[in-house]
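[1] make a model of this:
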Amino acid sequence: MAEFYMTQSGYDKLRAELEQMEHVEMPAILERIATARAEGDLRENAEYHGARESLGMLEAKMSEIRYKLSMAEIIDESTIPTDEVAFGCTVRLKDLDFDEEETLTLVGSGEEDSSQGKILATSPMAMGLMGKKVGEIAEVEVPAGRLRFEVLEISR
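    Numbers count the residues shown, from 1 in each chain. This next block holds a predicted model:
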């Protein structure tokens, strides 16, 4: 049984996204379908078929979010260790192959955003960092090969 680890804020964000879909996006699509249906022959009505396709995609996305919310395990951020890389922490790393620094935050499902350095705690990168302490070297197997990082700082 799959669980989706997330913080309370991540859970709340997904819940708000679902409510937006249910109360704003769904009624708008249903209105588009009703308007297109009123135009008559549905066999050649591109607006009707487009709206039905949009409805199907929205329902699939809503179903996925409902599943994640039902399987969510909320992690109490105050219990996250600060002396080792763990779920919910922010870690500053030095890429030993390219001599560059980067900062990553290990987050749960629905919170990931690569543009802000937020990666899934279940990703290969995060799994390779888990349990490492400041000063330790993490070797991470990724599809592109093996990456090596030194853990410089861990914060919550």
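[2] in this protein, what residue spans correspond to helices?
    Ranges of helices in the chain, per DSSP state H, are 8-20, 26-38, 46-70, 124-129.
[3] output these as TSV; include the columns mean neighbour count.
    Backbone N, C-alpha and C define where each C-beta goes, glycine included. Converted to TSV, those look like this (neighbours: other CB atoms under 10 Å):
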stretch	mean neighbour count
helix 8-20	15
helix 26-38	14
helix 46-70	14
helix 124-129	19
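[4] columns mean pLDDT on top of these, output as a markdown table?
    Below are these laid out as a markdown table (pLDDT from 0 to 100):
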| stretch | mean pLDDT |
| --- | --- |
| helix 8-20 | 92 |
| helix 26-38 | 93 |
| helix 46-70 | 94 |
| helix 124-129 | 92 |
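[5] between those, which one is closest to E100.
    E100 lies closest to helix 124-129 among the helices of the chain, at 14.7 Å (CB to CB).
[6] OK, contacts around the closest residue to E3 other than its chain neighbours?
    Distances taken as CB to CB, 6 or more residues apart in numbering place E73 nearest to E3, at 4.8 Å, with adjacent residues excluded. Taking CB atoms under 8 Å, 6 or more residues apart in numbering as the criterion, E73 is in contact with E3, F4, Y5, M6.
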